[in-house]
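> Structure for the following, please:
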Amino acid sequence: MKTNDIMARLQAKYPLEKEYLQAVQEVLESIEDVYNQHPEFEKAKIVERLVEPDRIFTFRVTWIDDQGEVQTNTGYRIQFNSAIGPYKGGLRFHKAVTPSMLKFLGFEQTFKNALTTLPMGGAKGGSDFDPVGKSNDEIMRFCQAFMLELWNCIGPDQDIPWFPLWYV
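Now for the predicted structure:
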């Protein structure tokens, strides 16, 4: 594996995804020497498969605010790798959420799960919804609308989103 060659291809393909590209570069640089001692990895194109998500879901989330106005946000679920089990990863709701951020987090979640021996793959999801300044009812309506869209992509043997209770 030549990290520079792989990074050049990814940078050409995803020029605006800075967070994702930085995470991939850091991981590839840290494994390059060990990886290159195993020609079977290169033959199987392990790195090329690890650096691309399996699938990316993008969907509209429509919900009603406290004034009765219809609001629309964008929801995402990025399923990165399920080689050792169903996808697992959190949900992030913040105005700055982008596909690049979620790809970076999903990529790292894959390694986090594997290195902690959790037999699950990596994924991340979220929305550009900003809960700051929203009422509890607005947050509830948004979350319900988000899950009504996301439920088609998830399930106990497929993808398990994690949402910390301290967000609630």
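> and residue 124, what does it touch?
77-78, 80, 89-92, 102-103, 105-106, 109 (CB atoms under 8 Å, 6 or more residues apart in numbering). All C-beta spots, glycine's among them, are computed from the backbone N, C-alpha and C.
> what's the closest of the residues you listed to residue 25?
Nearest to residue 25 among the contacts of residue 124 is residue 103, at 13.2 Å by CB to CB.
> what helix or strand does the closest one sit in?
helix 99-115 (DSSP states H and E).
> helices or strands up against that helix?
Judged by 3 or more CB pairs under 8 Å, 6 or more residues apart in numbering; DSSP states H and E, the packing partners of helix 99-115 are helix 18-35, strand 55-64, strand 70-81, strand 87-93, strand 121-127.
> Export these as CSV, with columns for distance to residue 148.
Shown next, in CSV, are the helices and strands packed on helix 99-115 (distance: least, CB to CB, whole Å):
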stretch, distance to residue 148
helix 18-35, 28
strand 55-64, 8
strand 70-81, 10
strand 87-93, 14
strand 121-127, 13
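> Can you tell me which of the ones you listed is most buried?
strand 121-127 (a mean of 27; mean count of other CB atoms under 10 Å).
> what does the following helix or strand past it rub up against?
Helices and strands here follow DSSP H and E; after strand 121-127, the next one along the chain is helix 136-150. By CB under 8 Å, 6+ apart, the residues outside helix 136-150 that reach it are 57, 59-66, 71, 73, 75, 77, 91, 93, 125, 127, 129, 131, 134, 161.
> cool, stretch 23-32 as well?
1, 3, 6-7, 10, 47, 51, 104, 107-108, 111.
> can you pick the most crowded of those?
Highest neighbour count within those: residue 107, with 24 neighbours (other CB atoms under 10 Å).
> wait, that one sits on residue 121?
No: shown here, residue 107 and residue 121 do not form a contact pair, counting by CB atoms under 8 Å, at 11.2 Å.
> Common neighbours of the two, please.
Joint contacts of residue 107 and residue 121 (CB under 8 Å, 6+ apart) are residue 80.
> Identify the residues contacting residue 161.
77, 88-91, 123, 125, 150, 154.
> contacting residues for residue 3?
By CB under 8 Å, 6+ apart, residue 3 lies in contact with 25, 28-29, 32.
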